[in-house]
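Engineer: Based on what follows, work out the 3D shape:
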Amino acid sequence: MKFGKHVEQNSTPEWSTQYIDYKTLKKTIKSLHNNEATPNSKMQGLKDDLLNELNKVNNFFLEREHEAIKRGEQLDMQLKILSQRGYQAFEPKNKEDKTSDSSSLLQSPDKSLQNVINGAGNDDDSLEEIRLEVEELEKLESSVNNTEKNGAVLKISEGISNLHPDIKTIVNKWASKLTHQLETEKHINEVLHLITSGHLDKSIATVKQAFMDYYRGLILLKNFRILNFTGFQKILKKAKKELAITYQNEFMDLVNSQPFMTNRNVDKLLDRCEETFAQWFSNGDLHAAKRTLRIPDSNNTKAWPPFGSGFLMGINLSLVVIVIAFLITLRHDTLPRTKDIYTMYTALGLPILMTWIFGMNKMIWSSAHVHYSFIFEFDPRNKLNYYQFFQAVNVLTFMWLLSVLFYLWSSTGSFLFSVSTRTPIIQPLILACIFLAIFFCPFNFFFRSSRFWFIKVMFRVICAPFIPVKFKDFFFGDQFSSMVVVIVQWQFLICFYSVDAWVPENQGVCWKINPIISPCLSFLPSWWRFLQCLRRYRDSNYSDKVHIANSVKYGLSLVVVIFSGLDSNLSSKTGLSPSPFLVLWALFATISCLYSYWWDLFMDWSMIQKKKDPTGFWKYQLREKRMYKRTWVYYAAICSNFVFRFGWAFTKSINQIGTILQHYQLATLFASVEILRRGIWNLFRLENEHLNNVGKFRAVREIPLPFSEVEEVKKSQ
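Structural biologist: Model prediction:
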């Protein structure tokens, strides 16, 4: 694999602009090589480009390293508070060097003050006095009497005025460190009384997760250093080969002398993080801590070989052909309860279609280096790649097709063995029970961690006003907004097997109550999203008005659902044509679609932006930063989203086109189109979120630390 491709595939997506620009440098070398009469100024220009890249890499590394050290100090604070609350750490069992203390993440790399002064060789008369004060200070360091400590610090500060400048600097630094320690202890004492036992249990889990994310960030930073160092080696080797440059060794010496290569703080932090995690969260087992912290190679994930997935997909395609052949050759009036069975199989099949499209989304995000796993907060240790995702959906598709085929075959009366007349009717029920059993299975089977992750997200969507809303919550809230037909059809499935399946067809009640229940269920997804917007506005301290503007979009959807329900249930009683409810429905539906379309382009996708130098009538342009290489896909998305957004118009034209398809068939058609639109929407919504993360260089989560939150609560009170 060429190194340029290697950099693209192994770099951290959110930091992509901060890596060595290998491709541009390679093109520059190639153009200089093709120009035989290359002037010295251009050769110097290449060296200047290399220096600029080196400065960019070095500065970015130092910024991230500083953030890592600061985060480490915050995590240290959490451990000290846990210790004060009685949560005890364990002595590491597998640690090779047990001379150092791993009870905290960060330790000063400097020698003790006493040793520095002893080896300083300063003959100043006040040196003996300062030694005595240092000894006194070290005795007081373990004391809880902060008044004595403060007095010692002040005494030392006053006694160093006549010391050698080097010793004076060291003493000041040490005294400053002790002062910081005093402030930390003061902070700990202030928050301890606010912590309950229930909060402590939750805090332990939060701090543990924060350590895991912190370790992940350190690994990314270490890989950043290695990848850039290799990049400079490769590009200088290529420049020497193509242009016969003479400064390869000189420049590599310069690279090796840069702080991003000489600093070993990241390596030390990684070791300390492993030891600290073992001591606090792995019962002292260092090997277990490393297994928990380190992320396995994605290439070694357990999955079927591609041949197995392709084989199962081939079987599914064969089953599709067989089902179509059955439907063509059979008379539909011979099939039992056709309308009911069709609706229930649709309720089971549309989620599978949504899953297929989401798998395609994951595949496109992976190829475009959109960091979806970070955005959705997937655990990188057990996340599903799109290969595994397609394996799961292939299995579900196989079950669905097999059930449909069994229904059709058993309905013909020529089955392999005699079956009851109710056997075809209960096939959707059997399939639904299998799907639910797989989905809620508590055992480590069929990607349990991913299933439980999705169940938690569903719970968070439903509990929107009571818990903070994350990106994954409102993203999947939008997915549910596109699954309204599925929600209504699942209600019909439950109703059918509760009542209608056991009575004659003409005595069924499910279709009769459907016009009343359907609007109520259609109301829920938009209502959840409306509440999520209000919650996000509250969490922004009522300052971010964009959440109010977003809630208007879902408020309009709720009004549309209300007038749709009124039109379906009360229009015949008004005696007016057209019904006032139909007119109001059409008016608000138009406003809702236009507002939602505008919001997609300018907010959710941020695809349309104002020109920097607006000239002419049109002042807008396509977003400059884009993750997908083909420009035409953005224009296709803009046009298709407009058409699909207005697909609702056909849902009120059943009488005009009812000769083509039945009402329940049209509902399935429009639901499929909406799922397709949502799949397209997903691509650009994640792209926009990824670019926001790139702009802020966010590559790992920074979980709000629990005791910092307690302090904020205290301040607000």
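Engineer: Pull up the gap between residue 554 and residue 533, please.
Structural biologist: 7 Å (CB to CB, to the nearest Å). Placement of C-beta: from N, CA and C, glycine included.
Engineer: Pull up the overlap in contacts between those two.
Structural biologist: Counting by CB atoms under 8 Å, 6 or more residues apart in numbering, no residue touches both residue 554 and residue 533.
Engineer: Tell me the spacing between residue 548 and residue 554.
Structural biologist: Residue 548 sits 11 Å away from residue 554, going by CB to CB.
Engineer: Find residues that contact each of those two.
Structural biologist: Residues touching both residue 548 and residue 554 by CB under 8 Å, 6+ apart: residue 533.
Engineer: Looking at those two, which one has more neighbours?
Structural biologist: residue 554 (24 against 14; other CB atoms under 10 Å).
Engineer: Which elements pack onto the helix or strand harbouring the more buried one?
Structural biologist: Assigned by DSSP states H and E, residue 554 belongs to helix 546-574. With contacts defined as 3 or more CB pairs under 8 Å, 6 or more residues apart in numbering; DSSP states H and E, the packing partners of helix 546-574 are helix 510-539, helix 580-599.
Engineer: got the buried residues for the first one?
Structural biologist: Along helix 510-539, these residues count as buried under the neighbour rule (16 or more other CB atoms under 10 Å): 510, 514, 518-519, 521-523, 525-537.
Engineer: So for that helix, mean pLDDT?
Structural biologist: Helix 510-539 carries an average pLDDT of 92.
Engineer: same for the longest helix along the chain, what does it pack against?
Structural biologist: Criterion DSSP state H: the longest helix present in the chain is helix 197-243. Packing partners of helix 197-243 (3+ CB pairs under 8 Å, 6+ apart): helix 3-10, helix 22-34, helix 40-84, helix 248-256, helix 259-262, helix 265-281, helix 286-293, helix 706-716.
Engineer: where in the stretch 301-450 of the chain is pLDDT low?
Structural biologist: Along the stretch 301-450 of the chain, the parts satisfying pLDDT under 70 run over 301-306, 332-333, 413-421.
Engineer: actually the stretch 1-150 of the chain, sorry about that
Structural biologist: Low-confidence segments of the stretch 1-150 of the chain, defined by pLDDT under 70, are located at 1, 36-42, 85-86, 88-150.
Engineer: wait, which of the helices and strands packed on helix 197-243 is closest to residue 396?
Structural biologist: helix 3-10 (30.3 Å; CB to CB).
Engineer: who's in contact with that closest one?
Structural biologist: Residues from elsewhere that reach helix 3-10, judged by CB under 8 Å, 6+ apart: 1, 19, 20, 22, 23, 26, 223, 227, 230, 231, 234, 369.
Engineer: who touches the fourth one in this structure?
Structural biologist: Which is residue 22. So residue 22 contacts 3, 4, 7, 231, 234, 235 (CB under 8 Å, 6+ apart).
Engineer: Rebuild those residues as CSV, extending it with distance to residue 383 and neighbour count.
Structural biologist: Converted to CSV, the contacts of residue 22 look like this (distance: CB to CB, whole Å; neighbours: other CB atoms under 10 Å):
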residue, distance to residue 383, neighbour count
3, 27, 17
4, 27, 18
7, 23, 20
231, 28, 23
234, 31, 19
235, 33, 25
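Engineer: okay if I get the residues you listed as CSV plus distance to residue 243?
Structural biologist: Below are those laid out as CSV (distance: CB to CB, whole Å):
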residue, distance to residue 243
3, 18
4, 18
7, 21
231, 17
234, 14
235, 11
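Engineer: now, among the residues you listed, which is nearest to residue 253?
Structural biologist: Residue 253 has its nearest neighbour among the contacts of residue 22 in residue 235, at 15.6 Å by CB to CB.
Engineer: tell me the pLDDT at that closest one?
Structural biologist: With respect to pLDDT, residue 235 has a value of 90.
Engineer: Now it: closest residue in space that isn't a chain neighbour?
Structural biologist: With sequence-adjacent residues excluded and distances taken as CB to CB, 6 or more residues apart in numbering, residue 235 is closest to residue 25, at 5.0 Å.
Engineer: wait, doesn't that neighbour sit right on residue 51?
Structural biologist: No. Residue 25 lies out of contact with residue 51 (CB atoms under 8 Å); the separation is 11.7 Å.
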